[in-house]
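In: Next comes the sequence, and after it the predicted model I'd like to discuss.
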Amino acid sequence: LPQLPLSCRLDQINRVNEHQRLINGRSSILYAPSHRKFTKMSKEKVLLAYSGGLDTSCILKWLLEQDYEVICFMADVGQTEDFAAAREKALKIGAADVVVKDMKDFFVEKFVWPAVQMGLIYEDRYLLGTSLARPCISKGLMDVAVQRGCSYISHGATGKGNDQIRFELSCYALSPTIRVIAPWRMETFCQRFQGRSDLLEYAKRSNIPVSATTKAPWSMDANIMHISYESGILEDPSVAAPEELYQLTQSPTRAPDTPTVAEIVFKAGLPVRVTELVSGRTMERPVDILAFLNKAGGEHGVGRIDIVENRYIGLKSRGVYETPGVTVLHCAHRDLEIYCLDREVLRVKKYLADRMADYVYNGYWYAPEAEYVRKCILESQKHVSGKVVVEMFKGHVMVTSRESMHSLYNQELASMEVHGNFSPYSSTGFIEINAVRLREHHRVFGTANMTKHFSRTESDMKLI
């Protein structure tokens, strides 16, 4: 399978390693074992990011064949997973132990909530549900690796995707001396396992339990924030995703005929309370807020997107996402920001949020530039406090009212009924000054430029 150019990968890893070395005051050693052969003097410990699926189950068995002691790690970030069954399966295959870590609260409070606060949206559409989960899982993975004395970590991410980059850059930033075994980038592994059929045959020979032999028509990744779908039939961008694909949301055409109305309270840009106005039910715990908005938004078909996006590795990929709760929060937060922030501060903040979204998508959550930008954005959120009422209805989220002690909205100044302290006569000079450059442009380029602007040539019509 294709893999990242070694020079590019080494540059990325060296940069985060050097930053970590300076912070921790210790030397760092770079390892890139996925590009070289392993030589082991004795059995060493590997911590495997385990899902319980076919790929990581076969990787577990393969690592055992390479004479490693393997501990499996599973992070509970809100996915619908039978962790007990996965644990039993891994132990049966031969894992020395299986560590299941509940990270739902940590994920929401330290990653999802800050993403809402910062307004992170990749390429103006993707809310980064998978991208945010990777540094969270990496933190849990590295904590366990240190506790258990593991020399290596391993994962089942492929050589074409973003996850290999996100996992490894996060892990190197957290622990520069860790070594990574990435089987899907190793020639010996890829020659042995060409695809799913080879894995199924290997699983059968190795007595690895497999729930089904039929390949799913698409792949899915879920957490408490969202569900993403890709691959399979979705690889053809001209084919619409079937309705049965969606699990968090129902079609807006089947949504209730009565809107769901909720009041969302923010403090310094963070959601702190949500109240369903009809029932009066109130949630304050972050995971409870997200669960409620996922359910309410999902019932109305809120938060569905079907996009082609730019992967960091250079490929374009098609993804289908369901993110109902965070879609509602972004809508409410954006409205409150406009209400409370100075126009120019808001524009700078939006620029920084776009950069931060790129960093998160590309795997640089723990990088120094991300840390710097995060601090800059947080400065803008000090006064983004107040409450917003939203209406969820048939695929849409509409803000119906907002209140804040820090609002820069001045009703008296904005009113068309009274002059107040704003003199409309001053607008004449404002317009005259701003018209100077337009008049000068017309003086130089004149009528010919306008004629060209409003006319269409034969070649223009062909393009249309």
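Out: Done, it's in.
In: just checking, next helix/strand downstream of the helix or strand residue 413 falls within?
Out: Residue 413 belongs to helix 411-414 when elements are defined using DSSP states H and E. Counting by DSSP H and E, the next helix or strand C-terminal to helix 411-414 is helix 426-454.
In: measure stretch 336-350 end to end?
Out: Length of stretch 336-350, first residue to last, C-alpha to C-alpha, to the nearest Å: 14 Å.
In: For the helix holding residue 413, output the C-alpha coordinates as PDB.
Out: Provided in PDB are the C-alpha atoms of helix 411-414 (Å, rounded to 0.1, in the frame of the first residue of the first chain):
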ATOM      1  CA  GLN A 411     -30.700  48.900  20.400                       C
ATOM      2  CA  GLU A 412     -30.900  52.700  20.600                       C
ATOM      3  CA  LEU A 413     -28.000  53.100  18.200                       C
ATOM      4  CA  ALA A 414     -29.300  50.500  15.800                       C
END
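In: what's the distance between it and the middle of its chain?
Out: Computed by C-alpha atoms, centre = their mean, to the nearest Å, the chain-centroid distance of helix 411-414 equals 39 Å.
In: what's near enough to touch the residue lying closest to residue 118 once chain neighbours are set aside?
Out: Excluding its sequence neighbours, the residue lying closest to residue 118 (C-beta to C-beta, 6 or more residues apart in numbering) is residue 377, at 4.8 Å. (Glycine included, C-beta is placed from N, CA and C.) Counting by C-beta atoms under 8 Å, 6 or more residues apart in numbering, residue 377 makes contact with 117-119, 349, 352-353, 356.
In: try 7 Å
Out: Residues near residue 377 by C-beta atoms under 7 Å, 6 or more residues apart in numbering: 118, 349, 352-353, 356.
In: State the pLDDT value of it.
Out: Residue 377 is assigned a predicted lDDT (pLDDT) of 98.
In: how close does it sit to residue 388?
Out: Residue 377 is 19 Å from residue 388, where distance means C-beta to C-beta, to the nearest Å.
In: cool, and residue 255?
Out: Counting by C-beta to C-beta, the gap from residue 255 to residue 388 is 21 Å.
In: More neighbours: those two, which one.
Out: Applying other C-beta atoms under 10 Å to residue 255 and residue 388 shows that residue 388 carries more neighbours, namely 25 against 21.
In: in a strand, that's where the more buried one is, yeah?
Out: Yes: the assignment for residue 388 by DSSP: H, G, I helix; E, B strand; the rest coil puts it in a strand.
In: can you tell me which residues contact it?
Out: Contacts for residue 388 (C-beta under 7 Å, 6+ apart) come out as 264, 332, 335-336, 399, 402.
In: can you rerun that using 10 Å?
Out: By C-beta atoms under 10 Å, 6 or more residues apart in numbering, residue 388 lies in contact with 262-266, 271, 328-329, 331-336, 339, 399-404.
In: Excluding sequence neighbours, find me the nearest residue to it.
Out: Closest residue to residue 388 apart from its sequence neighbours, by C-beta to C-beta, 6+ apart: residue 332 at 4.1 Å.
In: count of residues packed around that neighbour?
Out: For residue 332, the neighbour count with other C-beta under 10 Å is 27.
In: just residue 435 next, same as before
Out: Residue neighbour count, defined by other C-beta under 10 Å, stands at 10 for residue 435.
In: And the strands in this protein?
Out: Using DSSP state E, the strands of the chain run over 45-49, 69-76, 97-102, 152-154, 179-181, 219-222, 227-230, 260-267, 270-276, 282-283, 304-310, 316-322, 386-393, 396-403.
In: who wins for proximity to residue 243 among those?
Out: Checking those against residue 243 by C-beta to C-beta gives strand 304-310 as the closest, at 10.6 Å.
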